[in-house]
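**Q** After the sequence you'll find the predicted model.
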Amino acid sequence: MTAVGDRLPSLEIPVTRTMIVASAIASRDYQDVHHDPALAIERGSPDVFMNILTTNGLVDRFVTAWAGPSAVVKRLKIRLGAPNHPGDTMVLTGTVTAIDADRLQVEVRGENGRGTHVSGTVEVEVGR
């Protein structure tokens with residue numbers, strides 16, 4: 001039985017250049033900072049970096065993998081911080097912060113070597 005305060009098992013995600021480029025293309029985000037290292041550097045970044053749509057998908061995957069195959073994300077609200085670059089490892093953690101009937105609210109955080117990449121909440125409906 002799930003209770004407020006329960007912690008989700010952490011998930012380590014190695015961030016590769018291929019992952020950054022492929023997920024940007026898959027989400028139709030053709031911004032050059034997600035695939036062209038020279039242009040990313042020209043714009044002030046040390047390298048290409050992950051787009052927000054990829055982060056959304058990874059947070060969704062993290063929570064639904066824990067909540068089970070019948071889980072449905074009803075609301076996902078995140079804020080980005082430190083970018084994810086090739087070679088980083090993002091570690092996702094989560095804590096159940098509210099339970100209302102078949103809905104859970106999970107506070108999530110994704111950290112890398114530079115700090116917090118993502119923080120926010122996910123509301124998920126679970127079949128009990």
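**A** Arrived safely.
**Q** Next, residue 69: phi, psi?
**A** phi -70, psi -20 (degrees, to the nearest 10).
**Q** those helices in the protein, which residues are they?
**A** Along the chain, the stretches classed as helices by DSSP state H are 17-26, 37-42, 52-67.
**Q** out of those, deepest packed?
**A** Mean neighbour count, computed with mean count of other C-beta atoms under 10 Å, is highest for helix 52-67 among those, reaching a mean of 19. C-beta here means a position set from N, CA and C on the backbone, and glycine is covered the same way.
**Q** Report the backbone C-alpha coordinates of that one in CSV.
**A** This file holds the C-alpha atoms of helix 52-67, laid out as CSV (Å, rounded to 0.1, in the frame of the first residue of the first chain):
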residue,chain,number,x,y,z
ILE,A,52,12.4,20.0,-22.2
LEU,A,53,10.3,17.4,-24.1
THR,A,54,12.8,14.7,-23.4
THR,A,55,12.9,15.7,-19.8
ASN,A,56,9.1,15.5,-19.7
GLY,A,57,9.2,12.0,-21.2
LEU,A,58,11.9,10.8,-18.8
VAL,A,59,10.0,12.1,-15.7
ASP,A,60,6.8,10.5,-17.1
ARG,A,61,8.6,7.2,-17.6
PHE,A,62,10.2,7.4,-14.1
VAL,A,63,6.8,7.8,-12.3
THR,A,64,4.7,5.4,-14.5
ALA,A,65,7.4,2.6,-14.3
TRP,A,66,7.1,2.8,-10.5
ALA,A,67,3.2,3.2,-10.4
